[in-house]
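Novice: Just need the structure, nothing else, for what follows:
(one chain, ligands or ions: 1)
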Amino acid sequence: MAKNEDIFKKIISHCKEYGFVYPSSEIYDGLAAVYDYGPNGVELKNNIRDYWWKSMIQHHENIVGLDAAIFMHPTVWKASGHVDAFKDPLIDNKDSKKRYRADVLIEEHISKLEEKINKEIKKAKKRFGEKFDEKTFRETNQRVIDNQKKIDDINKRFADLINNNDLQGLRSLIDELQIACPVSGSRNWTDVRQFNLMFSTQMGSLSDDASSIYLRPETAQGIFVNYLNVQKTSRKKLPFGIAQIGKAFRNEIVARQFIFRMREFEQMEMQYFVKPGDEKEWYEYWKNQRVRWHLALGIPNDKFRLHDHDKLAHYANAALDIEYEFPFGFKEVEGVHSRTDYDLSAHQNFSGKKLQYYDPDTRESFVPYVVETSIGLDRMFLAILANSYCEETLEDGSQRTVLKIPPLVAPIKLTVLPLTKKDGLPEKAREIMDNIKYDFMCQYDEKDAIGRRYRRQDAIGTPYCITVDHQTLEDNSVTIRERDSMQQDRIKIENISEIVNKKINPRL
Ligand code: ATP
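Specialist: Next up is the predicted model:
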């Protein structure tokens, strides 16, 4: 098994063992691509949500929140283009009977070519050391030039095929590139078909077409249809934003990567309404802001990359993905999209209601343009866990598994441990716990030897443990142990909150 695949499997089983993520309805053998969050998972998820919400709403005076319903009028999805265009091209391998997204098969083929280039670069870097100049190398090494040309050609054809909805062409490209099924190894493919990703259900007791509604595939439309309500009631002038966090549902064709691709998931989206013509400037602004948000969590820069879209969605005039390097490769965690006035204009046409902004300075009315930031909460959760998971061999030769979760979002911030279960130590530890539990999420643990208790906290990513011992009873001091360095210091009880707060409240 490849090393990264191995680590990914370990992360999945760690998530289950330590109460982060469970398969849904597990006692009935689970439900494909649906997951439940356990006690530690829900804390981590809430903390990521809070971090996003604060950075959008609390730190921007001109962004306000919204919580729109999941069910919406069916015409919303007609107007937004989702009924006609929210489709993925699917293809089956006749031998393995496995189903794939045709576009993903081609993207993976391109990734393999990119990997070849990266290998050449790595080798050359090693050979030339300090003197290595990547730009010149890319321009002069024949193997790199050939592979880059292949990538550019495929990308160009691929973008044309997707933009023209040419399913026959996609199938021919898969044949030409000799893409084989990873399971059967054969190239015995079916034709490519379109598959709409929206779940539909019935509202009320009638089950005719007229009562058919969709589970929202994105939260953004709830923002668009409320644009006027929010603008008027919050009296915002352009530019201003509306942010929302909520569930979205997609009947994904292939959902094999744990919580990376789920059929029920959560999005954190912000629509920024701007004057037409200003959208490029705000697109750049939000791209930079969002990258800063990710880096402020302490995840290394080289774990992220930006990927500009060649193939634009039906509503966009510019779009990029912020990709994180998961154990299965660089994949999208967030999209930044310049959505033009597509959605508001469409809703204006379909509803017959004016969705415009009156500019008091120029005395003109117009439909605003929109720049959107859209991040998957579950994907961010997975990115944080993947980045945090470490297996370490300690100086004494023992092993520990530690989740180096950024303290700001760690499920438990501090655990209080009495050294032993007697001599009044548990009572003193409880007294401390009862005092600081109002400041942040704490846990109390008195079971097992102290070393094992530290390991348990390492495994769920608790940044600090404090140990209450006999000296505590004499001078009100405790030992504080930091998760990553395992360094221990003696501090006064009254300083605990300050030390922990400093660590968990970084400023953006
Ligand atoms: P992908 O290309 O991976 O299917 P997308 O481009 O369709 O993603 P968007 O429509 O831009 O995704 O949605 C915004 C964000 O929502 C994504 O960046 C991702 O983090 C999250 N997201 C989308 N689909 C899923 C899913 N099935 N499971 C979990 N998160 C998802």
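Novice: List the buried residues in stretch 60-70.
Specialist: 63-64, 66, 68 (16 or more other CB atoms under 10 Å). For the C-beta atoms, the positions are set from N, CA and C on the backbone; glycine is no exception.
Novice: List the contacts of stretch 16-29.
Specialist: Stretch 16-29 is contacted from outside by 12, 14-15, 30-31, 34-41, 44, 258-259, 385, 459-460, using CB atoms under 8 Å, 6 or more residues apart in numbering.
Novice: remind me which residues of the stretch 51-200 of the chain are low pLDDT?
Specialist: For the stretch 51-200 of the chain, no stretch is flagged by pLDDT under 70.
Novice: Which residues of the chain lie near the ligand?
Specialist: Proximity of the chain to the ligand, by CB under 6 Å from any ligand atom, involves residues 218, 250, 252, 261-262, 265, 267, 332-335, 374-376, 378-379.
Novice: Tell me how far residue 466 lies from residue 501.
Specialist: Going from residue 466 to residue 501 by CB to CB, to the nearest Å gives 14 Å.
Novice: So these two - more neighbours on which side?
Specialist: A direct count of neighbours by other CB atoms under 10 Å for residue 466 and residue 501 places residue 466 higher, at 24 against 12.
Novice: what about the more buried one, which SS state?
Specialist: Under the three-state scheme (DSSP: H, G, I helix; E, B strand; the rest coil), residue 466 adopts strand.
Novice: For it, which non-adjacent residue is spatially closest?
Specialist: Among residues not flanking residue 466 along the chain, residue 478 sits closest, at 4.5 Å (CB to CB, 6 or more residues apart in numbering).
Novice: That neighbour falls within a strand, correct?
Specialist: Yes. Assessed with three-state DSSP, residue 478 lies in a strand.
Novice: so who does it touch?
Specialist: 432, 466-469, 472, 490-491, 493, 496.
Novice: Please report phi then psi for residue 246.
Specialist: Reported as degrees, to the nearest 10, the phi and psi values for residue 246 are phi -180, psi 170.
Novice: Any idea how many residues pack against the residue of the stretch 51-200 of the chain found nearest the ligand?
Specialist: Nearest residue of the stretch 51-200 of the chain to the ligand (CB to the nearest ligand atom) works out as residue 88 at 7.9 Å. When neighbours are counted by other CB under 10 Å, residue 88 registers 18.
Novice: check contacts around it.
Specialist: 101, 103, 194-195, 197, 252-253.
Novice: Surely residue 354 is in a strand?
Specialist: No. Judged by three-state DSSP, residue 354 forms no part of a strand; its state is coil.
Novice: How about the longest helix along the chain, which residues are buried there?
Specialist: Secondary structure of the chain per DSSP state H: the longest helix is helix 102-128. Across helix 102-128, burial judged by 16+ other CB under 10 Å covers 102-103, 105-106, 109-110, 113, 116-117, 120-121, 124.
Novice: Kindly reformat those residues as TSV containing distance to residue 166.
Specialist: Below are the buried residues of helix 102-128 laid out as TSV (distance: CB to CB, whole Å):
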residue	distance to residue 166
102	11
103	12
105	15
106	13
109	18
110	18
113	22
116	28
117	28
120	33
121	34
124	38
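Novice: out of the contacts of stretch 16-29, which are buried?
Specialist: 12, 14-15, 35, 37-38, 40-41, 44, 258-259, 385, 459-460.
Novice: per-residue confidence at the nearest residue to residue 24 once chain neighbours are set aside?
Specialist: Counting by CB to CB, 6+ apart, the nearest residue to residue 24 once its immediate chain neighbours are dropped is residue 34, at 4.0 Å. In this model, residue 34 is scored at 95, pLDDT.
Novice: Tell me where the stretch 301-450 of the chain has strands.
Specialist: Remark: strands assigned in the stretch 301-450 of the chain by DSSP state E, counting those that start in this stretch are 304-308, 318-326, 329-340, 357-359, 364-366, 369-376, 389-393, 399-403, 414-418, 442-444.
Novice: Out of the contacts of residue 88, flag the one nearest to residue 417.
Specialist: Nearest to residue 417 among these, counting by CB to CB, is residue 252 at 43.2 Å.
Novice: List the contacts of the closest one.
Specialist: By CB under 8 Å, 6+ apart, residue 252 lies in contact with 33, 88, 197, 261-263.
Novice: Can you say which helix or strand has it in it?
Specialist: Counting by DSSP states H and E, there is no helix or strand that carries residue 252.
Novice: pLDDT score for it?
Specialist: Residue 252 is given a pLDDT of 90.
Novice: cool, and the one 10 residues further on?
Specialist: The model reports residue 262 with a pLDDT of 96.
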